[in-house]
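Peer 1: Just a sequence and a predicted model for now, questions to come.
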Amino acid sequence: MKSCVPSLLAVYLIGLASIALPAERPNILLIVSDDQGYQDLGLLGNGIRTPHLDRLAKEGTRLTNFYVAWPACTPSRAALLTGRYPQRNGIYDMIRNEAPDYGHRYTPEEYAVTFERIGGMDTREILIPEVLRQAGYVSGIYGKWDLGSLKRFLPTSRGFDDFYGFVNTGIDYYTHERYGVPSMMRNTSPTEADKGTYCTYLFEREAVRFLEEHAGKRPFFLYVPFNAPHNASNLDPRIRTTVQAPETYKKMYPPVDPEYRTVPRFRYAAPAQVVTREARRRDYRAAVTCMDASIGRLLRLLDEKGIADNTIVIFFSDNGGSGGADNGPLRGHKGQMWEGGIRVPCLVRWPAGGVPAGNVSDAFLTSLELLPSLASAAGIAPPEGVVLDGFDWWPTLRGEAPSPRREMFWKRRNHVAARVGKWKWVDMGKAGRGLFDLEADIGETRDLSQERPDVLAMVQKRLAEWEKAMAAAEPRGPFRDY
Ligand SMILES: [Ca+2]
């Protein structure tokens, strides 16, 4: 009789779980935009049009206190897929060649041995799709990968079953080249088959194909990291300084005149024609609205397949906005440690999982929470022996518990920021520093470091302890030696 006890207990626990969670494993649609500002959702009223993101907000919960782990592309993406700080997973800087940004053109032979081509995320890292695979999930990624272009670093070597997208950190939306280097791939093969087509349409096309193939048949993890509204990686300053968008979407915004202005010098050109501030804002908004239309099509497809109720939809930007973006009321922009670089718009919809509709939550949450939360939703344990920096956010999103997060730390070369409770310390050297009370001063306007030396010492102590913990973590490539 005694041997029956564990199995009876197991049956009992399974019974309990089915009361708390939907009987079927939820599908997951993770949408990440590129450099979208904190204020750039139509529902917030600054004039940008995002009817489908607004719908997501209405049907789910909007997070106003959500952070990414780094103020720019590559490390932010590595952190969200691993659930680990950039300093722990090894991707704590960009995988890119700087020279093309200043006009240098690599020959194919020269390019083949540069860091942008050979760099990638340490293959010991475990990513979300690899975790979900244990629970029978099929995973696809359509869009920006940004974590290495050699076969061993590509999505299909990291847990994804299918990949179509670009491997560099930015491209021209039509040629799919980064400063003349072709970047689009299907699984492990470079492809130029779709050259000339606006890339947002391509990522939508591939995501639709994935949904048509798998929706309703087995649980899926669909990751759609759009290129929009990142600046175009084209050497022509008139294109380089803006975001490419289809004319149809540009026409949805007031006309701009003039389109261009001449500046005495611009990186690799002197003098150069660049877009005007007004044109840049219009183009940025048009690219967001075009992306929003693609998101709308994916949401409609979930409806048509009858799976919207038990599909987790998560949307956020990989870092703060720049150029034509609106980060208000936050200070700063992409690349900086101010809130405008790291606090981003985030929407979560999961009706069957009890995430309330139309809710606005100021719970302190981050992209590091994704991996443990998605594992939990799929009914599986996070990977054993891996130190994670986040936690299961569902009790918080359901309103059952406050967020367990008390702290978050950011480091980009010699720039650091630490948030402990409501306090945030920013140190970007000559570019700015200060201690801020985010509850009273979300715009980081009033430096309290002189008034509150006690708080400053407390936050700096926690930052020093975090830096020590990161230095003591098992080293990961490509930047750290081991
Ligand atoms: Ca970005």
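Peer 2: In hand now; what should we look at? Please read all numbers here as calculations on a predicted model, not as lab measurements.
Peer 1: Contacts only, for the residue minimising distance to the centre of the chain.
Peer 2: Residue closest to the average C-alpha location in the chain (CA atoms, centre = their mean): Asp318, at 2.9 Å. Asp318 makes contact with Val32, Ser33, Asp34, Asp35, Val68, Cys73, Ser76, Arg77, Leu80, Pro225, Val344 under the criterion CB atoms under 8 Å, 6 or more residues apart in numbering. The C-beta positions use only the backbone N, C-alpha and C, and glycine is treated the same way.
Peer 1: hmm, 10 Å instead?
Peer 2: 32-36, 68-77, 79-80, 144, 146, 225-226, 230, 334, 344, 367 (CB atoms under 10 Å, 6 or more residues apart in numbering).
Peer 1: what does Pro219 give?
Peer 2: So Pro219 contacts 24-28, 132, 135-139, 307, 310-311, 377-378 (CB under 10 Å, 6+ apart).
Peer 1: what's the distance between the closest residue to Met121 other than its chain neighbours and Pro404?
Peer 2: Leaving aside its sequence neighbours, Met121 sits nearest to Leu147 (CB to CB, 6 or more residues apart in numbering; 4.4 Å). As judged by CB to CB, to the nearest Å, Leu147 and Pro404 stand 28 Å apart.
Peer 1: same check, this time on Tyr223
Peer 2: From Tyr223 to Pro404 the distance is 25 Å (CB to CB).
Peer 1: now Leu371
Peer 2: 15 Å.
Peer 1: So for the two, which residue has more residues nearby?
Peer 2: Leu371 (28 against 15; other CB atoms under 10 Å).
Peer 1: So the more buried one is in contact with Leu30, correct?
Peer 2: No - assessed by CB atoms under 10 Å, Leu371 is found out of contact with Leu30, at 11.0 Å.
Peer 1: overlap in contacts of these two?
Peer 2: Contacts common to Leu371 and Leu30, judged by CB under 10 Å, 6+ apart, are Leu80, Leu81, Ile128.
Peer 1: Spell out for me the ChimeraX command that would select the buried members of these.
Peer 2: Here is the ChimeraX selection string for the buried members of those, based on 16 or more other CB atoms under 10 Å:
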select :80,81,128
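Peer 1: quick one: which of the shared contacts of Leu371 and Leu30 is nearest the ion?
Peer 2: Leu80 (11.5 Å; CB to the ion).
Peer 1: Please identify the helix or strand for the closest residue to Pro329 other than its chain neighbours.
Peer 2: With sequence-adjacent residues excluded and distances taken as CB to CB, 6+ apart, Pro329 is closest to Gly443, at 5.1 Å. Using DSSP states H and E, Gly443 is not contained in any helix or strand.
Peer 1: what about the closest residue to the ion within the chain, distance to Asn327?
Peer 2: The chain approaches the ion most closely through Cys73 (3.7 Å), counting by CB to the ion. From Cys73 over to Asn327 the distance is 16 Å, taken as CB to CB.
Peer 1: Could you do Gly477 as well?
Peer 2: Distance from Gly477 to Asn327, by CB to CB: 33 Å.
Peer 1: between these two, which one's more packed in?
Peer 2: Asn327 (26 against 16).
Peer 1: Let me see the contact set for the more buried one.
Peer 2: Per CB under 10 Å, 6+ apart, neighbours of Asn327: 36-40, 320-321, 333-334, 336, 338-341, 343-345, 443.
Peer 1: Let's see that with 6 Å instead.
Peer 2: Gly37, Tyr38, Gly320, Gly321, His333, Gly340 (CB atoms under 6 Å, 6 or more residues apart in numbering).
Peer 1: pLDDT value on it, please?
Peer 2: Looking at Asn327, its pLDDT is 98.
Peer 1: How about the one 5 residues further on?
Peer 2: According to the predicted model, the pLDDT of Gly332 comes to 98.
Peer 1: I'd like the numbering to begin with 39 instead of 1 from here.
Peer 2: Taking 39 as the first residue, the last one we looked at is Gly370.
Peer 1: Can you report how many residues lie near the closest residue to it other than its chain neighbours?
Peer 2: In space, and not counting its chain neighbours, Gly370 is closest to Trp376: 2.8 Å by CB to CB, 6+ apart. The number of residues packed near Trp376 is 25, by other CB under 10 Å.
Peer 1: before we move on, what about the one 3 residues further on?
Peer 2: As a burial measure, the neighbour count of Gly379 was computed by other CB under 10 Å and equals 30.
Peer 1: Mind telling me what element the nearest residue to it once chain neighbours are set aside is part of?
Peer 2: Closest residue in space to Gly379, ignoring its immediate chain neighbours: Pro109 at 3.4 Å, by CB to CB, 6+ apart. Here Pro109 sits in a region with no helix or strand, counting by DSSP H and E.
Peer 1: got the contact list for Pro109?
Peer 2: Asn357, Lys372, Gly373, Gln374, Gly379, Ile380.
Peer 1: Among these, which lie within helices?
Peer 2: Of the contacts of Pro109, the ones assigned to helices by DSSP state H are Gly379, Ile380.
Peer 1: So how do I select the buried members of the contacts of Pro109 in ChimeraX?
Peer 2: This is how ChimeraX selects the buried members of the contacts of Pro109, with burial counted by 16+ other CB under 10 Å:
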select :357,372,373,374,379,380
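Peer 1: out of the contacts of Pro109, who's near the ion?
Peer 2: Among those, proximity to the ion is found for Asn357 (CB under 5 Å from the ion).
Peer 1: Including distance to Glu505, could the contacts of Pro109 go into JSON lines?
Peer 2: Listed next are those as JSON lines, based on distance: CB to CB, whole Å:
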{"residue": "Asn357", "distance to Glu505": "21"}
{"residue": "Lys372", "distance to Glu505": "23"}
{"residue": "Gly373", "distance to Glu505": "20"}
{"residue": "Gln374", "distance to Glu505": "19"}
{"residue": "Gly379", "distance to Glu505": "19"}
{"residue": "Ile380", "distance to Glu505": "17"}
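Peer 1: ok so, going back, which of the contacts of Pro257 count as buried?
Peer 2: 63-66, 170, 175-177, 345, 348-349, 415-416.
Peer 1: Show only the entries of these found in helices.
Peer 2: Leu170, Ala415.
Peer 1: For the stretch 289-438 of the chain, which residues are neighbours of the ion?
Peer 2: Checking the stretch 289-438 of the chain against the ion by CB under 5 Å from the ion, the hits are Asp356, Asn357.
Peer 1: tell me which parts of the stretch 39-188 of the chain are close to the ion?
Peer 2: Counting by CB under 5 Å from the ion, the stretch 39-188 of the chain sits next to the ion at Asp72, Asp73, Cys111.
Peer 1: Compare those residues and tell me which has the most neighbours.
Peer 2: Asp73 (30 neighbours).
Peer 1: List the residues that contact the residue nearest to it when sequence neighbours are not counted.
Peer 2: Using CB to CB, 6+ apart and skipping the chain neighbours, the partner closest in space to Asp73 is His268 (5.0 Å). Listed by CB under 6 Å, 6+ apart, the contact set of His268 reads Asp72, Asp73, Gly208.
Peer 1: What is the burial count for the last one?
Peer 2: This means Gly208. 22.
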